[in-house]
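What follows is a protein structure lacking sequence information:
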């Protein structure tokens, strides 16, 4: 018997070592964000009797686009939304977007935010819906629970600017990051600020969730402002020092 879903909800599918594929569901339709692999996602959608309406791609890395081709083979009418600057690295995109573009999907307005740093043409998707009490952010590998992405193609200045953009969003915005890195990030933050009560409390909560097999995400802008050292960096120089320290830190 099929297990059907009707309400507006976002579900996690954990894959590979620490990736989270988010599935946004509304009225029998689904939008998938950064599908690393296809199998678990396809099985989940079929089990819930859902139709794939679109795939949102934040950037070109294989652990974010690896499952897309097989999913659109199964659901050929699904849009693949990606940066128009990444036509070569995400060649199967069918709906190309750029910074500040706004489009509608599943009765919601989606704004595209360019967030350079992790890669040159990384984008985030910011979703607003008047029927919800909060907005939604899919930041890909730019903003994590307690952390931010490594600078694989961009500069500290670019990532700092990108984080400032995301930090300007409303504090109740829910953040659906693409990796389960929160516990490690908070342990690093606590090593630098061992008496920070907000970090201590959040780390305990995250560890309890992980012990139960529950994702630590989503978080919120408000929560990240209190516990994410990268968001609290006051300038590019401070951010660069933190990023280098985290790159060399071992738990």
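Ah, there it is. The model shown is predicted, which means the values in this text are computed figures rather than measured ones.

tell me, how many neighbours does residue 200 end up with?
16 (other CB atoms under 10 Å). (Each C-beta comes from the backbone N, C-alpha and C, glycine too.)

I'd assumed residue 189 was in contact with it.
No. Residue 200 is beyond contact range of residue 189, at 10.0 Å (criterion: CB atoms under 8 Å).

Mind jotting down where the helices sit in the stretch 51-200 of the chain?
Under the criterion DSSP state H, counting those that start in this stretch, helices of the stretch 51-200 of the chain are mapped to 62-65, 68-74, 156-167, 182-192, 197-211.

could I get those helices as a markdown table with mean pLDDT?
Formatted as a markdown table, the helices of the stretch 51-200 of the chain follow (pLDDT from 0 to 100):
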| stretch | mean pLDDT |
| --- | --- |
| helix 62-65 | 98 |
| helix 68-74 | 98 |
| helix 156-167 | 98 |
| helix 182-192 | 98 |
| helix 197-211 | 98 |
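
okay, those in a markdown table with distance to residue 24 next?
Output for the helices of the stretch 51-200 of the chain, formatted as a markdown table (distance: least, CB to CB, whole Å):
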| stretch | distance to residue 24 |
| --- | --- |
| helix 62-65 | 16 |
| helix 68-74 | 14 |
| helix 156-167 | 19 |
| helix 182-192 | 21 |
| helix 197-211 | 21 |
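
looking at these, which is closest to residue 118?
For residue 118, the closest of the helices of the stretch 51-200 of the chain is helix 156-167, at 7.2 Å, according to CB to CB.

Model confidence score at the spatially most central residue of the chain, please.
The centroid of the chain falls nearest to residue 177 when counting by CA atoms, centre = their mean (2.8 Å). pLDDT recorded at residue 177 is 98.

Pretty sure it sits against residue 149.
No. When contacts are counted by CB under 8 Å, residue 177 is not listed as touching residue 149 (9.4 Å).

hey, what's in contact with both of those two?
With contacts defined as CB atoms under 8 Å, 6 or more residues apart in numbering, the residues shared by residue 177 and residue 149 are 140, 141, 143.

who wins for neighbours among these?
Neighbour counts for the shared contacts of residue 177 and residue 149, by other CB under 10 Å, peak at residue 143, which reaches 30 neighbours.
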